[in-house]
Each structure stands twice: as C-alpha cells, then as structure tokens.
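Peer 1: kindly generate the corresponding structure for this input.
(chains A, B, C and D)
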Number of protein chains: 4
Amino acid sequence: MGEHKRIGILTSGGDCAGLNAAIRAAVYRAVGTYGWEVLGIRQATNGLMSRPPDAINLTIEKVQSILTHGGTMLGTTNKGNPFAFPMPDGSLLDRSNEIIEGYHLLGLDALIGIGGDGSLAILRKVAEQGNLNLVGIPKTIDNDVGSTELSIGYHTAATIATEAIDRLHFTAASHSRVMIVEVMGRDAGHIALRSGIAGGADVILIPEISYSLEKICDQIRERQKQGKNYCLIVVAEAVKTETGDAMTNTDFHGESRLRGIGQYLADKIAACSGAETRVTVLGHVQRGGTPTMTDRVIGSAFGVAAVDLIADQKYDRMVVWHNRQVESVPIAEAIAQYRAIDPNDILVKTARSMGICLGD
Amino acid sequence: MGEHKRIGILTSGGDCAGLNAAIRAAVYRAVGTYGWEVLGIRQATNGLMSRPPDAINLTIEKVQSILTHGGTMLGTTNKGNPFAFPMPDGSLLDRSNEIIEGYHLLGLDALIGIGGDGSLAILRKVAEQGNLNLVGIPKTIDNDVGSTELSIGYHTAATIATEAIDRLHFTAASHSRVMIVEVMGRDAGHIALRSGIAGGADVILIPEISYSLEKICDQIRERQKQGKNYCLIVVAEAVKTETGDAMTNTDFHGESRLRGIGQYLADKIAACSGAETRVTVLGHVQRGGTPTMTDRVIGSAFGVAAVDLIADQKYDRMVVWHNRQVESVPIAEAIAQYRAIDPNDILVKTARSMGICLGD
Amino acid sequence: MGEHKRIGILTSGGDCAGLNAAIRAAVYRAVGTYGWEVLGIRQATNGLMSRPPDAINLTIEKVQSILTHGGTMLGTTNKGNPFAFPMPDGSLLDRSNEIIEGYHLLGLDALIGIGGDGSLAILRKVAEQGNLNLVGIPKTIDNDVGSTELSIGYHTAATIATEAIDRLHFTAASHSRVMIVEVMGRDAGHIALRSGIAGGADVILIPEISYSLEKICDQIRERQKQGKNYCLIVVAEAVKTETGDAMTNTDFHGESRLRGIGQYLADKIAACSGAETRVTVLGHVQRGGTPTMTDRVIGSAFGVAAVDLIADQKYDRMVVWHNRQVESVPIAEAIAQYRAIDPNDILVKTARSMGICLGD
Amino acid sequence: MGEHKRIGILTSGGDCAGLNAAIRAAVYRAVGTYGWEVLGIRQATNGLMSRPPDAINLTIEKVQSILTHGGTMLGTTNKGNPFAFPMPDGSLLDRSNEIIEGYHLLGLDALIGIGGDGSLAILRKVAEQGNLNLVGIPKTIDNDVGSTELSIGYHTAATIATEAIDRLHFTAASHSRVMIVEVMGRDAGHIALRSGIAGGADVILIPEISYSLEKICDQIRERQKQGKNYCLIVVAEAVKTETGDAMTNTDFHGESRLRGIGQYLADKIAACSGAETRVTVLGHVQRGGTPTMTDRVIGSAFGVAAVDLIADQKYDRMVVWHNRQVESVPIAEAIAQYRAIDPNDILVKTARSMGICLGD
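Peer 2: Numbering: from 1, shown residues only, chains lettered A, B, ... in the order given. Presented below is the predicted three-dimensional model:
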C-alpha cells in the first residue's frame, strides 16, 4: 500500500451535481483502500487561506450518504481569485502564498482540486509556485474542458434543461406563444445544443454560432404557415446580442442579474414577429438536484482515479473520461484544450437535419 | 340513455396540467357512454367568436392518447375579455353576442367550460345572457376556487415547485447564498405555502400575510449564528413590496415581465443582510409538464361528472372535489367563494412550527 | 406553554414515504414550540420491549434533513404481534406488559404511534391496558383508514405505480403484449384504481370487485378487433383467484413470495386469449423513494397536530385529514371505519366511463 | 442531393427507449434533407415477410411528436429467427428469402436496421444473401456491442435501475432487510454495475464475475457488525447459480418467467445469513419510459448518420458513438466485438474501492 499519506481535497468554482460522488469516492479509495487520511478543505481555496486552515477530517462514515446529494459538502464560496484577492479596502492582494502555507500547515502530501478550467489554472499556478503535489478532477456544467469527454455536472444540468423544455412545449402550444428558455453555459453552448435536440426545440442559439434575428423570425413565420402557432427557442446564457454585447452578468461579488439574453430576445422577437413571447430563465436549478446516474458514476470513477494518481506520484495531472475509461493528462494540457462546439459536430448536423434553426 | 345531444367543450384562462385528462374523460363519457357528439372549441371563447366557429369533432380516437400531455389540446389563447374585447383600432367592443351566436351556429345543446373563477364568471355571464346550458370545471394552479378542495393544475404546479426547491437547497448551501425562488400564484399563496413546507424552505412569503424585510433579515442572521450560512426563500409572485406595490406584470397582451418580486427582494435582502442573493423565477415550467397522478385522476373524474350534469340537465353548476368524491355547486356560488389562505390554516401553523419565517 | 413533557414517537407496520416528515414535524413542534423532550423509539414496539428500551433523543438537529428521505429513521422491523409474540421456542407470548413497562422506564408522558389500522389497534389495546397516553397518526399505502381522506404513504405509492404504468405502455405496445402490473394493496384496491385511471390502463382488478377471466379476455379480444394488439392490466396484490384463493404471501417471518396474482393471471390470460403476457411486480419500490409533495405536507401537518393533541391532553385520538385541514377522531372510531372501494365511488364510475374493464 | 431513393427502416429485438428518436431523425434527414421516401416496416422482419409487406409511409408529420415516447412506433414483435422460423405445425422454416422478396416488393434502395448484435447478425446474413443495401444502428440495453461506446436504450435502462435502487435503500434500512434487486442484462452486467455504483449498492453480481454465496453472506455479516442491519444487492438477470445453472427464462414464445436469480439468491441468502430477504424484479419498466436526454441525443445522431451512410452508399456498416462523435464500422466487425465487462475496467475498480462486494 506504500507509505502513509495525508491528502487534501477541495471543490472550486460553481457547484454542480456529482461533486459529492467524487469526494466520497476519493475518501473511500484513500482511507478504505490505502489507509491514508483525507482532509476536506472548505470553501475552495478560502479554506487554505483561513487561519487556522478551515478543513475537516473526512472519514468513510462522513461521506457514505452523500452520493445522491447535489452541491458539495465542502462548500465552494468564491471570494475571489487568490492572485488578486479583493480586500475590504477595495485593493487586490496576491494571497497565493497563504494557500501554500495553508497546505503545509495542514501537513498535506498532496491535494485533489475539483474544478473547471479556470479554477484548475489558478490551482496549478499556486501548486507550481509552492511545489505542491496537485491532482485535478474536471467539473463544469459547460462541458468545455477539451481533453475529457465528460466533466462532472454537465450531464445533470443538460438533463434538467431537457426536462424543462419538455414541460414548456405544452404550455407554448396551448397559448400559441414563442417560448424562450435561457439555459446555462457561460462560455459554450453544449447544454443548449444537447437539451435543445433532446427536447425537440425549434430554434437553438449557442455562442459558437452567430445568429440573425431575421432568421429566427423567418422560422417563426415558417412554422405559422404550417399551422404551428408556437415556437420553442433554447438559448445559452452566453449568447450575445447581434451587435456583440454580452447580456450575462457574472456570478461574482453578489450583483444579481437584471436582464439576460432571453429577455432581450423576447422583446426583439415580439417586435419582429408580432408573436406573444415568454421567457423562462432556468438558472440555478440546473446546478442543483440529485445527480444523474452518469454524474454519479463518473464522479465516483474520477475520485478513485485521482487518488490512484497520488498513489503513483503522478502529479500535475488531471483525470479524464475517454472511451468508457478514466485516463489522465497533464493539467496544463487539459486546460489548454478548450472545447467549443465545432460547426461540423455531429450534433450541429443533427440539429440542422431536424429542421432546427441555429440562428444562421 | 336519453336523447341525443351535441355538446361543446372549451378551456379558458392560463393552461395547466390535467386539462387534457378532463377533455378526454368528457369525450369518453359523452361519446362512449351516451353516444353524443362532442365539439372541441379552440382557443377558449375565441373559437365561438370566429366565423365559422373554430371547433373540431372530438372522437375517442382523437383523445385517447392525451392523458399524459400537459397543456390543452384545444388551445387557450387569450385575446381578451369578450365583454370588452380589444379591437385593432384600440377600442373595446362587447362581443358576447357573437359567442352566443357561435354556440347556436354549432348547434350545441350544452357547453362545458374549464376555467378559473375569472373565466367561469365571464362564461356564466354569457350563458345567462344567451340562456345557454353551461357546466363548469374548475382549473387554476392557484387553488383559490373556494368551493372545491382541488382544482385542475394546482397539484402539478406545486409538485414542480417542490422539486425545484429540493434542487436549490444544495446549491444554496454550497455557495452560502440566500436563494430566492419565485413561484406562481397570482392571487393566492397556496403553491408557495405547500411547496415551501414540502421543500423545507426557511422563509415563505405569501400575499395573504404582510412581511417585514427586517424579519426576513433577522431569520437570515439567526441562521448564520447557528452556522447555516444559507437561506432558502419561497415567494409567491403576487407578493407586493412592503409599501404595497405590485411587482407582477399581468400575462395579457404580450408585455413581458421585467422584474418581479423575487428580484426586488434579492436586492433588498442583499442590502440589509450583506448576504449574496440569487433569484430563480420558476415561471411557465410550473404550468407545463406531465400531469401528476392527482391531476390526471381529478381531471378524469371532473370530465365524467360534468357530462353527467348535462345528462341530468343540471346547468349553471360547477363540479367540485369534496371528501374524495365529486359533487356540484352553482357556478355563482363557486366563484363567490374565493379561497385565500386563512392565517389559522393548519399549513400556516405547520410552517410556523417548522421554524419557517412567514415574514411577519 | 404548559408543563414540560417527555414524549415518545414510534413508527409501526410497513414503511412508506412521508413517515420522516411526520417524525420531523413532531420534533419541531414538541421541542421547538413547546420545549419538550422527544424520544424516538426504534423498531416499533420492539424498542419498548428491549431492555434498556431502544430509544434515541430526537433533537431538531437530528431531524432537520430527513424531510425528503423515504422510509423511517426509527426503523419498523416487525418481530410480531406483542399480544402473541413468537418466541424462539416456537411458542407465542403476551409481551404487552413489557411495552407498558418500557413506556414507564423511559418516563414518557405520552406516545405518538404512526401506523395503519392494524398497528394502531394493537397500540390502542396496549395503551388501554396500561393507561398510557396515546395519540395516533394514520399511515398506510392502502389508504383504507376510513376516517381520514389521506394517510401517509399512499400518495407516493400511487404516484410511483402510475409512473411505472406510463413506462409499461410503450413496451406493451411495441411488443403487442398483454402487460400485467401487480401493484401494492394488501386489503384494498385504492392504489390500483387510482394508478390505473391515471396511467390509462385497459383493465383494473381490485379486491372489492370480483372478476371473470372471460370478461378480461373479452376486453383483450375487443381491443384486438380495434387493431390494438396490446393490453395493460393493473392488478392489486390482494386480488384472489376466481375461486377465491389468496395469492399474496404475507410479509411476515421472512418467507418470500413465490408467485403472486400477477403471474397467476398471466398464465390464465395467455391460455384463454392466446396473447403473449408479461408480468411486472412493482413491489417495494412503491414504499421507498422520496415522498411526494403531498406526503411531505400531510406528514408535516399530522406531526404538528399530533403534538397539539398531547398539549391539549386529548388522548386516544388519531389525527385525520379532512377538507384541507387536520382534525381528530377517537382511535377506536378511526380504525373501525375501514374504507374499501365503494362500487358507486366516482372513480369506479370514471374507470368504467373510460372503457376500462373492472373484471365484472 | 443525389438521386431519389426509397429506404426502409425497421426495429428488431427487444424494445427500448430512444428507438423513436432514431426513427424520427432518419425520417427528418431522408425526407427533409434529401427528399427521399421512407417506409417504416412494422414488427421487425415480420413486416417484410407479410404479403403485402406491412409498411407505412413515414412523413415528418408522422414522426415529429415521438421524440419523448418510449418503445418503437414500428413495433418489434418477435415471431422467430427468419432462418429457422417456427411454423404452426411445429417445424422450422427458412423464410429469409421472403424478407429479400419483401424488400424488393417495397422497391427499397436501402434498409436501416435498428437492433442488437443478434438482430443485426441475422439482418446482415439476409442482406448478404439477397445483396441488399443494409445500414445498422446499435440498440441494446445491455450495452454489449463492443465497437460503440453507447447503444440506444442502455442509458435509460441504467437510469431507471438507479432510481429504483435509490428508492429501495430507504425501505431496506427501515425494515433491516436484505433487499435484492434483479436488473436487466441478459448477457452482460453493464446495467447492474453502473446502477449499483450510482445507487450505492453493497453487493453487485454480474455474469462476468463468479460469486460465492459465502462472500455475500460475509458482507452481510460484516455490515451487521458495523450496526448496519440491511444490505442492498443488485444482480444482473443473467447471473447463474454457483453451480452454473441459468435462472433466466428467455423472452421467446411467450413462456413467462417463474423464478429468477433474484428469488434464488433471496432464499439462499436467507438460509446462510438468517437475514430477512426481499426481491424486486425490475423487469420491463427498464425498457419503457421516456428516454433520457442521452438516449434521445444519440438516437437522433444515429438516425441522421445512418441516412448519410446510405447517401454515401456506404453499406454493410453500423453507426457507432465514439468520443462524442458518430463514426461507422463494418457490421461484421461491430457484432464480432462483444463487450463483456473487463475485470480491470475502471468501474470494477471503482466498485471495489467503494467497499462493494462483487461476489468474489
């Protein structure tokens, strides 16, 4: 079993479904198989910056019932980028050394970071600076980490979006309305494209493909000619206006969103088509909820594999899902391969074949 | 079986889950049991105003597969109150006589109207004026029709709201946020109260109870003292500001909502408590979706009972659910008994017992 | 708030969804509102027979997260009727006095018993014998406790059965099969009737109505003539053979079921109709699972109301759901009013109207 | 767009969720994109053996609403292997030439066959014999077609199994029982392994790993020592007894199953461990139901890609899902690569790490 180790685990960035499955599996593997200690670091890197560091000892007892729980038992409250941390006086401070110090204060031999490409890039920079032993697990509902076929959280989010579209179809048809559903996807359109195909949308707008309002209104009019007086439009929150303005407020620092792309489109489409429009912003329900079978399974497999990377002293690597198995790649490579939707993707082709307007 | 009849059926007002179960059951009963004809009138009273009237012959074949479908197969597009119908030139016209004429043009012996108290009040006025044979079936996600324990659509809406609250709990806790969920309920707080209790909310705001922002922020601070840095608030869309301003845009004429009570509260609560707040407006997903077992069962029972009222020539009555059975009451009485939430309701007491803040 | 009390709570009989909501609400009300102590007695009356009694102190902390959990946190392992308790040597012993003694050993002022009519009858007999202060909460997926419109667990069970029927429709149609679904209901056909109507079954067999195999096969042949080569049959587990033989093994003492009424019918129907038949026995999934909104709400309301009966020293009573409120009735009256399905019930009429064969 | 074509499509073998998505997408692509004709052949190869052939013209109108429907709109009633077809007199007849003749009678240019490896092997043999243009789409809830990462139907089946396990956990714990869930998987243990991991099972038995009853009872006793008096066992229906006897009746010819491996294990485990055991056989609910997002998406993508193979005159090939895209491989190669679970699979390792007993 090799030498005894004490490892840390943290979740960083937006929460999603399946994080707890990964935490649980890492604990089972590290404690149950190898007999190590696992410290759960609370609130992402903030737990390492706190003094004393904010961490709890994770036993199998503590994690065994969390498999079906959404979110993360460790919390992931974001107080800012540790390299430019917002201080009470408004200044930005580089607090990366405090994270390194926290790691040593806890006596860690290695750290598992569960995060998206942004979070992993920051963690990697800290680890490099402090010569820390880091292993990454990809998590992002956007599914835009290029080197892995699946990231934790994406499948549940796309499933919830599909379920919502299923529901909205009926009310759209009953009221002869154009129903616009704004789904998550801060950078990429994967959720919108998948849930739009699965839900039988009439229009899908993704940030990877520029749209024309005229094309959308053509689709609405075309459907009206066929006697279908309703239309279901799925739009990723990251889609910009025709003139390129971002409509999405960031999730940072507590500003709340006033008006997203869904509402913007509703007004424009009502004006150009004369149709009655309604918007549903799915929002946070996509992050929460009981993880799907898929997110529980990949979360569990990732947790086990991440611990095994540490057992093999293969640091600075991220686990990836590839062809039904878990492999690993250098974190640097993983986060460099951003995966937007390719215009030649089979799902883009599939959507077009179904007569779905992609806005172009 | 008595004499042959030709009856009409229409759905009016906002769509919801279970309408198709009622339509289907009425057709099975009228056509299958009594051998009558049933005409499905499209788009509520608009179908009777159209010339020729917009109606389709409903056979068992046409309705047998709609039991699990949300919405209404007949449509319910609202173009305005027939007694003050908005004309293209901006004027308001009394078109009630056209509805009466439409009824006769179709050769109807009786009409089943499925609607909320507003719709049924209008239908009743038309029926009285034209001496039409009207029978009503209550439908409203608000569940505020007083004479019936259940109205079609309410159970599904409250169930979907509960499911959303279940999901939001995890993400609220993971991010130490105050999460505000705005649920439907244009007049009454039934959905908010039920789903808030079922979902384990920390605060529930309903139009029947005035709230104080200070009380809400007290609850948030109280929870923080107990180490619970998150809070889940369920608010009915009809709740007004502390100063009594309505934040809900009506659903009429296509104006879309810019900013509801949820967003209003999010800003106020962020200011008074310093907490990070997020809003989810559930919106139209609550209307759509596969009806729950309950809405399918009461919809079916109502459809059968409404046809039986016609067979018995008991007109001007509405079917109601009472003590596991279907009874009937005069429509006039039914719509007069508006049911707001009583402050002494067992569910109000239950919520308070659970430590849920009702804002007062 | 009156004097301080120490009360006990136990769950008895088969588990179901919503029990935890009732336990949780009772603790919130007793501890939170009144400042009492609550002891959770484990494994039904067995916990009171154990020495020392098997009970845990229930704090709000311990129950706050169980609202969405199926089953019962207190366990409900049935080792036998305390008045005729099976001993290791095979004899039956009256151990009721040990329950009374256990109640006093724990220093209880009152006991809340959550159970079906069988369990409550036994508890009442013990309470009478020992002059114990008992309050009852009705729980039974069969929904056959006559004095209450709803019992805990029924709504979730019927909802899960409906969902299963929805799924089986498609596979029945794809394979041109007669698909038989055996649902729970050891004494009454409420689940079968509700889920059969909600799921659009073709045949529903309940213990309250005798069936003829010939009538069922007629229905199958009638459908075949209409080009519908499949048939969906919902049967309550308590239904007997045409000759009156029970096919349901009891749940006691660990014997497992070899062959139920579903399989019996499958063989008979295959023989008489020539159709390919398949059976699905839903079984225990109907008990488990996240409680529906309804079961969480009535469970919570019942828990609060039961504690209030104790506060008011109204013993020997059971809470009931009536016309959207909670009332109470003497336990003796409650369990005397067994509620089978009345042949004139609106749902029986509704089923017949839908062309559903009830076997007669 | 190339020359006009008339193509056929059929579904063969057991039904599952996602077949309609594939049929729908093939029609949209062939009719909508290429302007071809599509004939839907009913009841698998039986439709080609009928005279006249049993086929319907598939328009976009006819398929547009079937995306969310389980099963197959074309039916898949299995009357036997066309190379050894059971005749009324009990003899077996080679009727493959009738299929070839049926293909020509319908004037088909190509045929899309949706089936598992067994069905596709038969179709390929017919196509080779008759020089027919065949394209395959993989479908099997077992997910044992080696060359594709996903086959239609698997994801929904494993998801439904997971949901059932979630529900059974609570009732197992409440009653201190050993709960055995028999899930589908006639040849491979993929559903059992995935749903067992996702559902947090204690024991998972799959046909790829031999089990010892003693090891299972050890696990039960080990848990009892830890105070966990319940155990959840997931077993694939194809698992044999320790002495190698098959317990699964085939699905052919209408014999119904009397007793499967679940019941067998329940009796053995009750005897060796003394625990109370209960069995749930999930059965056909796993095939039915609304397809998951994943099955709708891959079904849609497969349908489009299969038509494109025909457009490119690439026959005798099967579409496969690989690394988020659709590719194709020779059918002969596809069906040769049977995919059992590898003992070194990451999910086997994951299960063992979670402390799950695999019976060995």
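
Peer 1: how about the residues of the stretch 51-200 of chain A by chain B?
Peer 2: A:69-72, A:75-78, A:160, A:164, A:166-176, A:179 (C-beta under 8 Å from any C-beta of the partner chain). Placement of C-beta: from N, CA and C, glycine included.

Peer 1: and these near chain D, which?
Peer 2: Applying C-beta under 8 Å from any C-beta to these, those adjacent to chain D are A:Asp166.

Peer 1: can I get the buried part of the residues of the stretch 51-200 of chain A next to chain B as one PyMOL selection?
Peer 2: Restricted to buried positions by 16 or more other C-beta atoms under 10 Å in any protein chain shown, the PyMOL selection for those reads:
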select buried, chain A and resi 69+70+71+72+75+76+77+78+160+164+166+167+168+169+170+171+172+173+174+175+176+179
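
Peer 1: mind checking which of the residues of the stretch 51-200 of chain A next to chain B are in strands?
Peer 2: Residues of those located in strands (DSSP state E): A:Met179.

Peer 1: where exactly do the strands run in chain A?
Peer 2: Under DSSP E, chain A gives strands at A:6-11, A:37-41, A:55-57, A:85-86, A:92-93, A:110-115, A:134-138, A:178-183, A:203-205, A:231-236, A:277-281, A:317-322, A:325-330.

Peer 1: and the gap between the nearest residue to A:Trp321 once chain neighbours are set aside and chain B?
Peer 2: Nearest non-adjacent residue to A:Trp321, counting by C-beta to C-beta, 6 or more residues apart in numbering or on different chains: A:Leu150, 4.4 Å away. Separation of A:Leu150 from chain B (C-beta to the nearest C-beta, to the nearest Å) stands at 20 Å.

Peer 1: give me the phi and psi for A:Leu150.
Peer 2: The phi and psi values for A:Leu150, taken as degrees, to the nearest 10, are phi -140, psi 140.

Peer 1: that one and A:Ile298 touch, don't they?
Peer 2: Yes. Counting by C-beta atoms under 8 Å, A:Leu150 does reach A:Ile298; the two are 5.3 Å apart.

Peer 1: between these two, which one's more packed in?
Peer 2: A:Ile298 (32 against 22; other C-beta atoms under 10 Å in any protein chain shown).

Peer 1: pull the contacting residues for the residue nearest to A:Gly13 when sequence neighbours are not counted.
Peer 2: Nearest residue to A:Gly13 in three dimensions, chain neighbours excluded: A:Ser119, at 4.3 Å (C-beta to C-beta, 6+ apart). Applying C-beta atoms under 8 Å, 6 or more residues apart in numbering or on different chains to A:Ser119 gives the contacts A:12-13, A:44, A:113.

Peer 1: can you lay out those residues as JSON lines showing neighbour count and pLDDT?
Peer 2: Shown next, in JSON lines, are the contacts of A:Ser119 (neighbours: other C-beta atoms under 10 Å in any protein chain shown; pLDDT from 0 to 100):
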{"residue": "A:Ser12", "neighbour count": "25", "pLDDT": "96"}
{"residue": "A:Gly13", "neighbour count": "23", "pLDDT": "93"}
{"residue": "A:Ala44", "neighbour count": "27", "pLDDT": "96"}
{"residue": "A:Gly113", "neighbour count": "29", "pLDDT": "98"}
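
Peer 1: show me which pair in these is furthest apart.
Peer 2: A:Gly13 and A:Gly113 (9.9 Å; C-beta to C-beta).

Peer 1: coming back round to it: mutual contacts of A:Leu150 and A:Ile298, please.
Peer 2: A:Trp321.

Peer 1: need the nearest residue in space to A:Leu134, chain neighbours excluded.
Peer 2: The nearest residue in space to A:Leu134 (C-beta to C-beta, 6+ apart) is A:Ala127, at 3.8 Å.

Peer 1: what residues are up against that neighbour?
Peer 2: Per C-beta under 8 Å, 6+ apart, neighbours of A:Ala127: A:111, A:133-134, A:315-316.

Peer 1: ditto for A:Gln129
Peer 2: A:96-97, A:100.

Peer 1: quick check: the gap between it and A:Asn97.
Peer 2: 8 Å (C-beta to C-beta, to the nearest Å).

Peer 1: now, of the contacts of A:Ala127, which are buried?
Peer 2: Using 16+ other C-beta under 10 Å, the buried members of the contacts of A:Ala127 are A:111, A:133-134, A:315-316.

Peer 1: show me which residues of the stretch 101-250 of chain A sit near chain D.
Peer 2: A:149, A:155, A:158-159, A:162, A:166, A:194-195, A:197-198, A:200.

Peer 1: how about a cut-off of 7 Å?
Peer 2: Residues of the stretch 101-250 of chain A found near chain D (C-beta under 7 Å from any C-beta of the partner chain) are A:149, A:158-159, A:162, A:166, A:194-195, A:197-198, A:200.

Peer 1: so which of these is surrounded by the most neighbours?
Peer 2: Neighbour max across those (other C-beta under 10 Å) = A:Ser195, 32 neighbours.

Peer 1: report the rounded mean pLDDT for stretch A:329-343.
Peer 2: Computed over stretch A:329-343, the mean pLDDT rounds to 92.

Peer 1: hang on, I meant stretch A:58-73
Peer 2: Here the average pLDDT along stretch A:58-73 is 96.

Peer 1: residues of that stretch that come out buried?
Peer 2: Residues A:58, A:62-63, A:66-73 are the ones in stretch A:58-73 that count as buried (16+ other C-beta under 10 Å).

Peer 1: so that stretch, near chain C or not?
Peer 2: No. Stretch A:58-73 is not in contact with chain C by C-beta under 7 Å from any C-beta; minimum separation 9.5 Å.

Peer 1: quick one: end-to-end length of that stretch, please.
Peer 2: Start-to-end span of stretch A:58-73 (C-alpha to C-alpha, to the nearest Å) is 11 Å.

Peer 1: what's next to it, contact-wise?
Peer 2: With contacts defined as C-beta atoms under 7 Å, 6 or more residues apart in numbering or on different chains, stretch A:58-73 is touched by A:11, A:15, A:17, A:19-21, A:23-24, A:27-28, A:31-32, A:38-40, A:288-291, A:296, B:167, B:170-171, B:173-174, D:166, D:200.

Peer 1: and stretch A:274-289, which residues are buried?
Peer 2: So stretch A:274-289, judged by 16+ other C-beta under 10 Å, has buried residues A:275-289.

Peer 1: same question for stretch A:299-314.
Peer 2: Neighbour counts over stretch A:299-314 (16+ other C-beta under 10 Å) mark A:299-311 as buried.

Peer 1: now, these that are in helices?
Peer 2: A:299-311 (DSSP state H).

Peer 1: how about the residues you listed in TSV, adding pLDDT?
Peer 2: TSV is the format used below for these (pLDDT from 0 to 100):
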residue	pLDDT
A:Gly299	98
A:Ser300	98
A:Ala301	98
A:Phe302	98
A:Gly303	98
A:Val304	98
A:Ala305	98
A:Ala306	98
A:Val307	98
A:Asp308	98
A:Leu309	98
A:Ile310	98
A:Ala311	97
